[in-house]
Structure formats: structure tokens, C-alpha cells
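1. pasting the sequence and the predicted model now:
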Amino acid sequence: MKREMIDTRAAAEYLGVAVHTLENGRHRGGGPPFYRVGRKVVYDARELDGWLSERRHTSTSAAPQTHAV
């Protein structure tokens with residue numbers, strides 16, 4: 001199965017967040033998993049789906065209080 005690798009700009013658009021948000025997540029931790037290929041940073045689209053699914057909630061009172069991406 002072929003991986004669909006996308007750059008930071010495309011990943012931010014896919015997730016509906018700012019590029020800066022992903023950059024902060026890489027620096028501070030808590031963001032989606034990423035790969036560094038030379039100087040380029042890429043994300044696996046399937047891993048973005050998994051990361052996003054881990055953050056699914058049914059109410060705001062049940063959501064954990066975190067400050068990470």
C-alpha cells in the first residue's frame with residue numbers, strides 16, 4: 001500500500017489549522033507524527049487521520065484540557 005505523503009502546508013489545510021500550529025506541534029510535541037526527508041518535513045495522510053481520530057470527543061466537558069496542538 002502506497003503512502004500519501006503531503007507537505008506541511010497541505011497537512012495544515014487538511015486538518016484545518018494554520019501552518020504555524022503544525023510547526024509549534026513539531027517543536028513542542030503533541031502534534032501529528034511527521035517525517036523529515038532531508039530538509040523537507042512531510043506527513044503521512046493516513047497518520048493525520050489517526051491523529052485526528054484520537055482527538056474526537058462527544059462533548060466539551062469530556063475533552064481533556066491540553067494546550068498541545
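-> Yep, it's here.
2. determine which residue of the chain is most distant from the centre point.
-> residue 61 (22.9 Å; Cα atoms, centre = their mean).
3. can you confirm that one is in a helix?
-> No. Using DSSP: H, G, I helix; E, B strand; the rest coil, the assignment for residue 61 is coil, not a helix.
4. what does stretch 44-63 rub up against?
-> By Cβ atoms under 8 Å, 6 or more residues apart in numbering, the list of residues contacting stretch 44-63 from outside reads 3, 4, 5, 6, 11, 14, 15, 32, 33, 35. The way it works is simple: take the backbone N, C-alpha and C, and place the C-beta from them, glycine included.
5. pull out the buried positions in stretch 25-43.
-> Of all the residues in stretch 25-43, those buried under the rule 16 or more other Cβ atoms under 10 Å are 25, 26, 31, 32, 34, 42, 43.
6. ok so, going back, buried only: go through the contacts of stretch 44-63 for me.
-> For the contacts of stretch 44-63, a burial check counting by 16+ other Cβ under 10 Å picks out 5, 6, 11, 15, 32.
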